[in-house]
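A.B. asks: sharing a model that was predicted from the sequence below.
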Amino acid sequence: MNSIAIKKKTKLITNASGKTVEVILPYKIYQELLELKISLEIYEQEDVQQSIKSARKDMENGNTRVFQTMEEALEWLDK
């Protein structure tokens, strides 16, 4: 669901001063946002960032492998 659709389905709860204090949104959207947050937290981890940098360098240097099947790739990883 895109951000415009999320905004349309969202309800804002305000206090007496008119300040937004709570948000009500469909459960499916909540689940998607939670999964996105979890993915972002994983992506931001230092070891993940180092692995990404290392993989980019490998690709730039031509250190890549081509596999015909996923099983072949998994076997190579297990070595």
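C.D. replies: Thanks, I have the structure now.

A.B. asks: could you look up the next helix or strand downstream of the helix or strand containing residue 36?
C.D. replies: Take DSSP states H and E as the rule and residue 36 turns out to sit in helix 27-43. Under the assignment DSSP H and E, the closest C-terminal helix or strand after helix 27-43 is helix 46-60.

A.B. asks: angle of that following helix against helix 27-43?
C.D. replies: Interaxial angle, helix 46-60 versus helix 27-43 (axes from the mean of the first three to the mean of the last three Cα atoms, to 10 degrees): 70 degrees.

A.B. asks: and helix 46-60, how far out from the chain middle?
C.D. replies: In terms of Cα atoms, centre = their mean, to the nearest Å, the centre of helix 46-60 is found 17 Å from the chain centre.

A.B. asks: follow-up on the earlier one: pull the CA atoms of the helix holding residue 36 into PDB?
C.D. replies: The C-alpha trace of helix 27-43 is given here as PDB (Å, rounded to 0.1, in the frame of the first residue of the first chain):
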ATOM      1  CA  TYR A  27      -4.000  -3.700  11.400                       C
ATOM      2  CA  LYS A  28      -2.600  -4.800   8.000                       C
ATOM      3  CA  ILE A  29      -0.900  -1.400   7.600                       C
ATOM      4  CA  TYR A  30       0.400  -1.700  11.200                       C
ATOM      5  CA  GLN A  31       1.900  -5.100  10.400                       C
ATOM      6  CA  GLU A  32       3.600  -3.800   7.200                       C
ATOM      7  CA  LEU A  33       5.000  -0.800   9.100                       C
ATOM      8  CA  LEU A  34       6.300  -3.100  11.900                       C
ATOM      9  CA  GLU A  35       8.000  -5.400   9.300                       C
ATOM     10  CA  LEU A  36       9.500  -2.400   7.600                       C
ATOM     11  CA  LYS A  37      10.900  -1.100  11.000                       C
ATOM     12  CA  ILE A  38      12.400  -4.600  11.700                       C
ATOM     13  CA  SER A  39      14.000  -4.700   8.300                       C
ATOM     14  CA  LEU A  40      15.400  -1.200   8.800                       C
ATOM     15  CA  GLU A  41      16.900  -2.100  12.200                       C
ATOM     16  CA  ILE A  42      18.600  -5.200  10.600                       C
ATOM     17  CA  TYR A  43      19.900  -3.100   7.700                       C
END
